[in-house]
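S.K.: sequence-free structure coming up:
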């Protein structure tokens, strides 16, 4: 496979979240993917392309510089292509269905306002939510070929982003895109698995979630979430290590029913 030339990895780098010094913390082959994890062994051929990851000494954000010179077309060609479903087995069925069930059962108040599924892929979550009575849902994916660009001029009460944050090489650029969709009292509801000290002690290369062939290239701590939220006029909170939210002033009504932690 011929990939666009990537950056050579120096020993340290400025954090993409807070700007502090970040040190190399691990490396994996570009071919590492969810299919390897599901099979419990290496099933995809090695690409010979090393992806180096850094960890910020201040906020703990873990990231790579390997894709910094890629355009959306490069991601579409080398990651979000016809082989993507094989590398992410839950992409087409299980994940959209389970996420829709979680929203419908735990956060039914979201149906009372307009919703946008950001990073929607094939738009399956929208279909699943509409089938459950959420009638004001739209989908948008900057990497999709036939995405609905009419949503770009609209505002939404809730922007949902399941398994999106770990895919973007620039967290502040991602936030710039998402915040512009929010109504004044809107909120962002999203999932991404936090990177922990336990993971880093074992080695980032041992963590199943570190899978660049799936597009998993950015990993957050609670401190990193708080940092990007603050810089975009938002506050951050988490229900657990995988499900989080951003909001402006008043806590979203749907967030008050369940225990959560707020980050600052």
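M.R.: Noted; the coordinates are in hand. All of these numbers come straight from a predicted model, not from anything done at the bench.
S.K.: what segments of the stretch 151-264 of the chain are helices?
M.R.: 171-179, 197-202, 222-231 (DSSP state H, counting those that start in this stretch).
S.K.: measure how the last one sits relative to helix 171-179, angle-wise.
M.R.: Meaning helix 222-231. Angle of helix 222-231 versus helix 171-179, following axes from the mean of the first three to the mean of the last three C-alpha atoms, to 10 degrees, is 60 degrees.
S.K.: I'd like to know which elements helix 222-231 is packed against.
M.R.: Counting contacts by 3 or more C-beta pairs under 8 Å, 6 or more residues apart in numbering; DSSP states H and E, helix 222-231 packs against helix 171-179, strand 235-238, strand 243-247, strand 261-263. No exception for glycine: its C-beta is placed from N, CA and C like everyone else's.
S.K.: can you pull the buried residues of the longest one?
M.R.: What it means is helix 171-179. 171, 174, 175, 178, 179 (16 or more other C-beta atoms under 10 Å).
S.K.: name the nearest of these relative to residue 230.
M.R.: Checking the buried residues of helix 171-179 against residue 230 with C-beta to C-beta, the nearest one is residue 175 at 10.6 Å.
S.K.: any stretches of the stretch 1-150 of the chain with poor pLDDT?
M.R.: By pLDDT under 70, the low-scoring segments of the stretch 1-150 of the chain are 1-8, 90-93, 145-147.
S.K.: where along it do the helices fall?
M.R.: For the stretch 1-150 of the chain, the helices defined by DSSP H, counting those that start in this stretch occupy 34-39, 72-78, 84-87, 94-106, 124-131.
S.K.: and the ones you listed: which comes nearest residue 199?
M.R.: Residue 199 lies closest, by C-beta to C-beta, to one member of those: helix 34-39, at 13.9 Å.
S.K.: what is the closest one packed up against?
M.R.: Under the contact rule (3+ C-beta pairs under 8 Å, 6+ apart), helix 34-39 is packed against helix 84-87.
S.K.: gap between the nearest residue to residue 108 once chain neighbours are set aside and residue 94?
M.R.: Excluding the flanking residues, the one nearest residue 108 by C-beta to C-beta, 6 or more residues apart in numbering is residue 254, at 8.0 Å. Using C-beta to C-beta, to the nearest Å, residue 254 is found at 24 Å from residue 94.
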